[in-house]
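> coordinates only, no sequence provided:
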């Protein structure tokens, strides 16, 4: 019940103030103004006035998120605080936000925040670009906080970066000897558990989740749900392979199975667990490569028909000869292939990736396994369910147009019209059980 009598009047650039705030990884710029009076008591303040910001820009340096807005206005009218609805540009889409709060200590200072996403660019980094639509609502009261979200991804592009640097451990520094006069020990004591945060989050990935890099070119879909609490989340659902190929030193393997699941580790942090199967069919030899385990440390299992040792499988797969007949250079290439499969592939310039990003197409593939020589395919999704691609062989007259239409979740119709006038139509049925 301590009385309050506070008056704040300020205007200027918020950038320098943000630099002093303990919010590493966040940047806010723009012209701000505060004209606020707070009276009453601590348990029930009486606030009057406005806080404005804009035009301005918010940036999340970790994910590359950038929101541009014209005006953010907060109105204080006694115990009621309102954030007036505003819309921020997020890439080619937008995010609309509004919020309200009550300055009532007996009720735990309740607040509510709602946000609507429309094709909003949420991440823009070298390794991931993601856009999504949906709704998010946060509510808080004396009993805790709840988070509700229904998100549909529009498009996600993941690039598997080669040779990621090792994580830097955090060292606890303990200063020896007595502290200088007037300085307190900076080691923070562990605080007790805060208010619970209930989760009800569902993320739907209808398609267009592309994972590329290290020879992989694939598309995925799925659904992830998170319930429970922030301290003990319960994750359900998985991400499934739709289509994909894996290029290993010029040999193209077809991805036939693929599942990614999220599960908590011993520290409670979520980790991605993968189970992917790639197959190669030759005239007298077939091989299967299975990667499973943690996504950053997968285990590789090789099998073949006829049954051969691991080194023999890779030698036959990559070079068409026995392991004992490999040259020194081929042996080095064999070791590099094993490193690529297990996540330690080398970096370097990726021309396929550069062309795809420059042209804006969704798929760009080079196939060297055909009898008629290499072919190049470029394509794009004109809608979520319709894919149009163009193929071109090494010689004139080998061009064709490919159209794929997903009629149902498990049924896809494919047609190919070749340059010589011939046509091919087929249907693909996939059923997971």
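Here it is on my side, so go on. From a predicted model like this one, the values you see are computed outputs, not experimental measurements.
> what sits opposite residue 34 in the beta ladder?
residue 10, residue 51 (DSSP bridges).
> other residues contacting the strand or helix carrying residue 59?
Assigned by DSSP states H and E, residue 59 belongs to strand 44-60. Residues outside strand 44-60 that contact it (Cβ atoms under 8 Å, 6 or more residues apart in numbering) are 4, 8, 14, 25-40, 65-79, 81, 88, 103-106. No exception for glycine: its C-beta is placed from N, CA and C like everyone else's.
> among those residues, name the buried ones.
Those of the contacts of strand 44-60 that meet the buried threshold are 14, 28-30, 32, 36, 38, 40, 65-69, 72, 74-76, 81, 88, 103-104, by 16 or more other Cβ atoms under 10 Å.
> pick out the residue nearest the middle of this protein.
residue 128 (5.6 Å; Cα atoms, centre = their mean).
> not counting residues beside it along the chain, what's closest to it?
Once flanking residues are discounted, residue 128 sits nearest to residue 158: 5.2 Å by Cβ to Cβ, 6 or more residues apart in numbering.
> check the gap between residue 405 and residue 413 for me.
According to Cβ to Cβ, to the nearest Å, residue 405 stands 5 Å off from residue 413.
> against the centre of this structure, work out the most remote residue.
residue 181 (48.7 Å).
> so that one, which of the three states?
coil (DSSP: H, G, I helix; E, B strand; the rest coil).
> what's the longest helix in the chain?
Criterion DSSP state H: the longest helix present in the chain is helix 328-341.
> that helix packs against which elements?
strand 233-248, strand 297-305, helix 310-319 (3 or more Cβ pairs under 8 Å, 6 or more residues apart in numbering; DSSP states H and E).
> can I get those in a markdown table with mean neighbour count?
Rendered in a markdown table, the data for these read as follows (neighbours: other Cβ atoms under 10 Å):
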| stretch | mean neighbour count |
| --- | --- |
| strand 233-248 | 18 |
| strand 297-305 | 14 |
| helix 310-319 | 19 |
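> can I get these in CSV with mean pLDDT and distance to residue 266?
Shown next, in CSV, are the helices and strands packed on helix 328-341 (pLDDT from 0 to 100; distance: least, Cβ to Cβ, whole Å):
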stretch, mean pLDDT, distance to residue 266
strand 233-248, 89, 15
strand 297-305, 84, 15
helix 310-319, 81, 31
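> in TSV, list the ones you listed along with distance to residue 418.
Output for those, formatted as TSV (distance: least, Cβ to Cβ, whole Å):
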stretch	distance to residue 418
strand 233-248	21
strand 297-305	32
helix 310-319	30
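> wait, what's in contact with the residue nearest to residue 128?
For residue 158, the contact set (Cβ under 8 Å, 6+ apart) comprises 127, 128, 209, 210, 211, 212, 213.
> may I see the PyMOL selection of the buried members of the residues you listed?
Filtering the contacts of residue 158 down to the buried ones (16+ other Cβ under 10 Å) takes a single PyMOL command:
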select buried, resi 128+209+210+211+212+213
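> looking at the contacts of residue 158, spot the one nearest residue 380.
The closest of these to residue 380 turns out to be residue 210 (Cβ to Cβ; 11.8 Å).
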